[in-house]
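Trainee: no sequence for this one, just the structure:
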């Protein structure tokens, strides 16, 4: 992790940056020479919290995890449609309740041990162990028979949960109700990965997070690459896994993920030929790349939402009128046009409108006039008497610029003072988890194209609902949607859920993402898609 103004950042710059910033392309091998090793160097935005698939939820972690692990179901690199992964095929019962996955023959962990259906059973048991408190456990217990009861302590016998190893190569999953997006969920969510439980047990209790099993030399995976190096706050390197079932078709020899919170430094590395793809681009560089490097600038659709999370346990944010006033006083059009400049779309609801044919009807409306009225009604006319509110954000230049812009809008439009609090990624995540914040910037990239992937986060008890807000009616609609008889009925339940979020504003939607980054023309096998997922085994350098 590159910290601004820290000595470590200066040292990192001296190590990686030459005196000039001209783009240097890798030299071509002479005719007839042996091909050079395929080493892809990618900016990753920040130091990952951990590399345990069952303990993390962030994008920086996920980009690395998809190189180290593979799920039952994989994704097509072009359109992300589900296809065979560790399971070569599956059967679905006529009522849609039972999925039977047939594992490939002779699957191996990266240490050479065989992978069996029992590995998935033991992994899901760990994922659902209450003491482990996996943040994404709901991605199993919302759907699988008995999983909710086991996770919440009402069922002690895991054999009664809807996972069964029919034999060493056959895994059966029994659902509470038909789940039309289950294959997409399994393909896109690393909470459904198998983890090496026997290896994890060597480094401590299975219900502990952040143990040494995820360190280089210890981590055992089942994906196309294996962890070779982890220098904290600098680089994570993975190399080909010889035991991967499809190793013959993996093209890259090594991927190096760099911690690049300082976007200006990351862009310099790219221009110097020391990165093949950036995590982002500095906002000030987007127009420069449009003019001078259009072939390296990529602005791709991204199925996500940038929003501010409100801690409703903290006054004055326990008053929905204050939350709504803050939401309405943001000039989103100006923010995306004048600050972001990457083709983002202003967001007036939580669900992304380009989401499997679903567009939320309920929208934030009323503007500054309504915001002033609500604030006065809450007892703070013109912002008088309202103590400063604090905006927490993790270290990234764009987050700071957005927070400063919104800070100015709230002061100008409402007379509300805001203070800014910057924390590094791990501290920021811990502050959200423990409720040590008032307002926190946040982002959500959908696991799959369905409104469900946005709206499930705000159900009471969901591991990602760190606002402390809940609504019995919202929860009722969520469970009704899971058992809806038709797609139209399911979507109608989601419309009502979106309307509740707009009315209550536990989260303040700000804009719908685009993915803005720089990529060398040497990088191939990389296709734009709405989730910015690029299965690493298909990527190569030309």
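Mentor: On my side now, so go ahead. From a predicted model like this one, the values you see are computed outputs, not experimental measurements.

Trainee: Only C-alpha atoms from now on, for both contacts and neighbour counts.
Mentor: Fine.

Trainee: would you say residue 275 is within a strand?
Mentor: No: assigned with DSSP: H, G, I helix; E, B strand; the rest coil, residue 275 falls outside any strand and is coil.

Trainee: Quick check: it vs residue 532, distance?
Mentor: According to C-alpha to C-alpha, to the nearest Å, residue 275 and residue 532 sit 18 Å apart.

Trainee: When those two are compared, which one has more neighbours?
Mentor: Neighbour count, other C-alpha atoms under 10 Å: between residue 275 and residue 532, residue 275 has more, with 23 against 18.

Trainee: List the residues that contact the more buried one.
Mentor: 40, 41, 42, 43, 266, 269 (C-alpha atoms under 8 Å, 6 or more residues apart in numbering).

Trainee: and the longest strand along the chain, what does it pack onto?
Mentor: Using DSSP state E, we find that the single longest strand of the chain is strand 297-310. Under the contact criterion of 3 or more C-alpha pairs under 8 Å, 6 or more residues apart in numbering; DSSP states H and E, strand 297-310 touches helix 286-292, strand 439-445, strand 507-518.

Trainee: Pull the residues that contact the second one.
Mentor: The one in question is strand 439-445. Taking contacts as C-alpha under 8 Å, 6+ apart, the residues outside strand 439-445 that touch it are 302-311, 389-394, 399, 432, 454, 531.

Trainee: next one: the longest one
Mentor: For strand 507-518, contacts defined as C-alpha under 8 Å, 6+ apart pick out 270, 277-281, 296-310, 323, 327, 330, 332, 336, 342-350, 352, 467, 501, 532.

Trainee: got the angle between that strand and strand 297-310?
Mentor: Orientation of strand 507-518 against strand 297-310 (axes from the mean of the first three to the mean of the last three C-alpha atoms, to 10 degrees) gives an angle of 160 degrees.

Trainee: now the angle from strand 507-518 to strand 439-445?
Mentor: 60 degrees.

Trainee: partner strands of strand 507-518, parallel or antiparallel?
Mentor: The strands that strand 507-518 pairs with in its sheet are strand 297-310 (antiparallel), strand 345-346 (antiparallel) (by DSSP bridges).

Trainee: Give the buried residues for it.
Mentor: Neighbour counts using 16 or more other C-alpha atoms under 10 Å place 507, 508, 509, 510, 511, 512, 513, 514, 515, 516, 517, 518 of strand 507-518 among the buried residues.

Trainee: Residues contacting the helix or strand where residue 230 lies, please?
Mentor: Per DSSP states H and E, residue 230 falls inside strand 225-231. Outside strand 225-231, the residues within contact range by C-alpha under 8 Å, 6+ apart are 67-69, 110, 215-217, 219-220, 235-241, 244, 254.

Trainee: Can you tell me which of these end up in helices?
Mentor: Using DSSP state H, the members of the contacts of strand 225-231 that fall within helices are 67, 68.

Trainee: Give the buried subset of the contacts of strand 225-231 as a ChimeraX selection command.
Mentor: In ChimeraX syntax, the buried subset of these is picked out as below (16+ other C-alpha under 10 Å):
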select :67,68,69,110,215,216,219,220,235,236,237,238,239,240,241,244,254
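
Trainee: In three-state terms, label the spatially closest residue to residue 92 that is not a sequence neighbour for me.
Mentor: In space, and not counting its chain neighbours, residue 92 is closest to residue 99: 4.7 Å by C-alpha to C-alpha, 6 or more residues apart in numbering. Secondary structure, three-state DSSP: residue 99 is strand.

Trainee: Beta-bridge partners for residue 99, please?
Mentor: Here residue 99, judged by DSSP bridges, has bridge partners residue 92, residue 173.

Trainee: Could you verify my assumption that it touches residue 93?
Mentor: Yes: judged on C-alpha atoms under 8 Å, residue 99 makes contact with residue 93 at a distance of 6.6 Å.

Trainee: In terms of packing, which of those two has more residues around it?
Mentor: residue 99 (18 against 10).

Trainee: for the more buried one, what are its contacts?
Mentor: Contact analysis of residue 99 by C-alpha under 8 Å, 6+ apart lists 90, 91, 92, 93, 172, 173, 174.

Trainee: All set, thanks.
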